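Peer 1: Give the three-dimensional model of this entry:
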Amino acid sequence: MHCGVSGIGQRAATSKGDAMEQVLIVIFSSFCGGLVQAVTGFGGAVIIMIFLPLILNMTAAPALSDVITMTLSFSMFWRYRKAVHYKSILIPAAVYLVTSTLAIHGSAYVDAGKLKGFFGVFLILLSVYFFAFSGKLSVKPTFFMKFGCGALAGICGGLFGISGPPASLFYLAATDTKEEYLGTLNAFFSFTVIFNLISRICNGFLTVSLIPLMGFGIAAILTGCVLGSRIVKKINIDVMRKCVYGFMAFAGVVIVVQGGLR
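Peer 2: Residues are numbered from 1 along each chain as shown. Presented below is the predicted three-dimensional model:
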């Protein structure tokens, strides 16, 4: 009898330990994500999705990431609301909603983890390209660019929970100031993430069991954003562009490494 009680106690302790580990991972990744997104306009989901697959599967992790980053996007959208360029949101957001919905439905039948490596290589090549031609190449916000970035962002967001890199490149080209860039990009995120969440809920990916982790993640990501906003005040749009390209390369390397470790 003593051994049985001891075994039960040991399992309970292990369960509590696992729960604490999950909370710490969510808090750390969300705080770092908030800090990065406050400076580059995106990246919260990238940072969070580096860590969440360690504790959740590839359907639950993007769902939790969407909830946490949605709060940050709303916050940044409100902060820079006066600088938002609303006309440049309509077409990318409409295309995003269609492609993201299809990708979310398809994620139940496709091993998204195996595709992440290709996505990572794409981000690395893209960042190197923009670093090499920064200041020499003018990317105009044409209908084709709006459609292409919206589609690519939707596919990446639906499969991997990471839609920031394609959208950020478009809005860097479509805006003139750092405030306009940050506000417009996060307005785009705010509108699209709502539909993402509805789709994930309908597919059963966002469950009640994730609610406690949501609370810790939201508090941590907003705290990181406060610190990051102080950094933004001290940099100009050119420095911000380099931060975006640099972080894109970093994200690509991390994603490739994750894919190779599978």
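Peer 1: for this protein, what spans make up the helices?
Peer 2: 2-40, 44-51, 60-79, 90-106, 112-133, 143-160, 164-174, 178-202, 211-232, 237-260 (DSSP state H).
Peer 1: just those helices: most buried one?
Peer 2: Compared across the helices of the chain, helix 44-51 shows the largest average neighbour count, a mean of 27 (mean count of other C-beta atoms under 10 Å). (Each C-beta comes from the backbone N, C-alpha and C, glycine too.)
Peer 1: Show me what that helix is packed up against.
Peer 2: Helix 44-51 is packed against helix 2-40, helix 60-79, helix 164-174, helix 211-232, helix 237-260, with contacts defined by 3 or more C-beta pairs under 8 Å, 6 or more residues apart in numbering; DSSP states H and E.
Peer 1: Switch those helices over to a markdown table; also include distance to residue 180.
Peer 2: Shown next, in a markdown table, are these (distance: least, C-beta to C-beta, whole Å):
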| stretch | distance to residue 180 |
| --- | --- |
| helix 2-40 | 15 |
| helix 60-79 | 12 |
| helix 164-174 | 9 |
| helix 211-232 | 13 |
| helix 237-260 | 9 |
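Peer 1: Is residue 47 in contact with residue 28, as I believe?
Peer 2: No - Residue 47 is beyond contact range of residue 28, at 9.4 Å (criterion: C-beta atoms under 8 Å).
Peer 1: thinking again about what came up before, Serialize the helices of the chain to CSV and add fields for mean pLDDT.
Peer 2: Shown next, in CSV, are those (pLDDT from 0 to 100):
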stretch, mean pLDDT
helix 2-40, 70
helix 44-51, 84
helix 60-79, 90
helix 90-106, 88
helix 112-133, 74
helix 143-160, 85
helix 164-174, 82
helix 178-202, 87
helix 211-232, 93
helix 237-260, 78
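Peer 1: thinking again about what came up before, closest to residue 199 out of the helices and strands packed on helix 44-51?
Peer 2: Residue 199 lies closest to helix 60-79 among the helices and strands packed on helix 44-51, at 9.7 Å (C-beta to C-beta).
Peer 1: what's near enough to touch residue 227?
Peer 2: Residues in contact with residue 227, defined by C-beta atoms under 8 Å, 6 or more residues apart in numbering, are 34-35, 38.
Peer 1: Please repeat the previous calculation with a cut-off of 7 Å.
Peer 2: Neighbour list for residue 227: residue 35 [criterion: C-beta atoms under 7 Å, 6 or more residues apart in numbering].
Peer 1: and if you look at residue 98?
Peer 2: Residue 98 neighbours (C-beta under 7 Å, 6+ apart): residue 154.
Peer 1: where's it relative to residue 141, distance?
Peer 2: According to C-beta to C-beta, to the nearest Å, residue 98 and residue 141 sit 20 Å apart.
Peer 1: Likewise for residue 246?
Peer 2: Residue 246 sits 23 Å away from residue 141 when distances are taken as C-beta to C-beta.
Peer 1: ditto for residue 97
Peer 2: 19 Å.
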